[in-house]
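Asker: Test case, fold it:
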Amino acid sequence: MISPTIENALNDQLTFEFYSSYIYLSMAAYLESIDLTGCAQWMKAQTVEEVAHARKFYGYINERGGRVKLAAIGAPKIDWNSPLEAFEEALAHEREVTRRINAIMDMAVCEKDHATQIFLQWFISEQVEEEASVNAVVQRLKLASQSPGGIFMVDKELGARSINLTVLEESEDDD
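Answerer: Below you'll find the model as predicted:
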């Protein structure tokens, strides 16, 4: 059985993961509106990943005998001054996700909830990857700003990221 404190924190994170998906979809819409379809493709793939993360939290809460409580998701920002600004905000957002997951881990450690600690370990490792991935794009965009046409090279590179729908199927298997 999961404690009410941990259950509430996990439900909050579940909602935040859906919000993350919503933010990335908004960023994709912005990037498409300025004809950077490769950058938009990268964000769409990120959107799918975030939904998969939310579903992992959903499945875990249920598996531990908790109650999933879906909450309202706020409207995300819709405009940025540049692709670089959008990706810098994505990096800041991923850092906030990391902070939140670490805080839940701290709660689980205090409560000696070993199962939740094991569950969260995957997310802690995932966040290292998430932050590094977004940071790499930020650095490429900074370099591209110094070269005419550089943004289009980055856009083409980011467009190669496929949308992995199997992560949704895998999270269904976890439910």
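
Asker: any low-confidence regions in this protein?
Answerer: For the chain, applying pLDDT under 70 flags the ranges 165-175.

Asker: centroid residue for it?
Answerer: Among the residues of the chain, the one closest to the centroid is Glu50, at 4.4 Å (C-alpha atoms, centre = their mean).

Asker: Which residues in whichever helix or strand Tyr30 is part of does the neighbour count mark as buried?
Answerer: Assigned by DSSP states H and E, Tyr30 belongs to helix 4-33. Along helix 4-33, these residues count as buried under the neighbour rule (16 or more other C-beta atoms under 10 Å): 6-7, 9-28, 30-31. Where you see a C-beta, it was placed from the backbone N, CA and C, and this is true even at glycine.

Asker: got it, and stretch 60-68?
Answerer: Tyr60, Ile61, Arg64, Gly66.

Asker: I'd say Tyr58 and Val68 touch.
Answerer: Yes. The criterion here is C-beta atoms under 8 Å, and Tyr58 meets it with Val68 at 5.4 Å.

Asker: any residues in contact with both of those two?
Answerer: Leu14 (C-beta atoms under 8 Å, 6 or more residues apart in numbering).

Asker: which residues touch the residue nearest to the centre of the chain?
Answerer: Contacts of Glu50 by C-beta under 8 Å, 6+ apart are Glu17, Phe18, Ser20, Ser21, Tyr24.

Asker: The last one touches Gln41, doesn't it?
Answerer: No. Applying C-beta under 8 Å, one finds Tyr24 not in contact with Gln41, separated by 11.4 Å.

Asker: Where does the residue sitting furthest away from the middle of the chain sit: helix, strand or coil?
Answerer: For the chain, the largest distance from the centre (C-alpha atoms, centre = their mean) belongs to Pro148, which lies 30.8 Å off. The local conformation at Pro148, judged by DSSP: H, G, I helix; E, B strand; the rest coil, is coil.

Asker: List phi and psi for it.
Answerer: phi -60, psi 130 (degrees, to the nearest 10).

Asker: can you tell me how far it sits from Thr37?
Answerer: 20 Å (C-beta to C-beta, to the nearest Å).

Asker: Give the full set of residues in contact with the closest residue to Trp42 other than its chain neighbours.
Answerer: Leaving aside its sequence neighbours, Trp42 sits nearest to Leu158 (C-beta to C-beta, 6 or more residues apart in numbering; 4.0 Å). Contacts of Leu158 were listed using C-beta under 8 Å, 6+ apart, and they are Gly38, Cys39, Gln41, Trp42, Val137.
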